[in-house]
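>>> need a structure here:
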Amino acid sequence: MTAEFFDRSVRSLKGIISAPSTPITVEDMNKAIKEQAMSTKATLAHHESNDASEPSWRLYEEIFETGIVYLELNGVAIDFTMLGNVENRPGTVLLRLPIETAQQLGLHTSVPADKWARACDADK
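I've put the predicted structure just below:
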């Protein structure tokens, strides 16, 4: 490659390539790499929280599985019963969700309006 060819190539790229308006962080780079990685997961819906007190979640499907969806929750308190006990049968997962997260997931749509209003009442 000659110096002249290199100079012409760089000049032709000016205006096409520009610096980002905000600095790129390592976290941004890792997120971009993760998004570009080959995956069989197809996101159906998601909520990314920047607040440590609010959970993030992702509803997705595996593209080669039919009739199944997955719900991934981050930052959620759980109780898991493997062997069963007086209160729960084996394989029980109990999630402690903030009202806002339950609503984002659409769980309120299967609850009668008066019961949902009572659950949302901060003064109860």
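
>>> how about low-confidence regions in the chain?
1-21, 35-37 (pLDDT under 70).

>>> Tell me which stretches of it form strands.
Secondary structure of the chain (DSSP state E): strands at 41-47, 56-62, 70-74, 77-81, 92-96.

>>> now those in JSON lines, with mean neighbour count?
Placement of C-beta: from N, CA and C, glycine included. Output for the strands of the chain, formatted as JSON lines (neighbours: other C-beta atoms under 10 Å):
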{"stretch": "strand 41-47", "mean neighbour count": "12"}
{"stretch": "strand 56-62", "mean neighbour count": "16"}
{"stretch": "strand 70-74", "mean neighbour count": "13"}
{"stretch": "strand 77-81", "mean neighbour count": "11"}
{"stretch": "strand 92-96", "mean neighbour count": "11"}
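
>>> Let me see the domain layout of this protein.
Residue ranges for each domain of the chain read 25-75, 76-124, as given by automatic domain parsing.

>>> Good, we can wrap up now.
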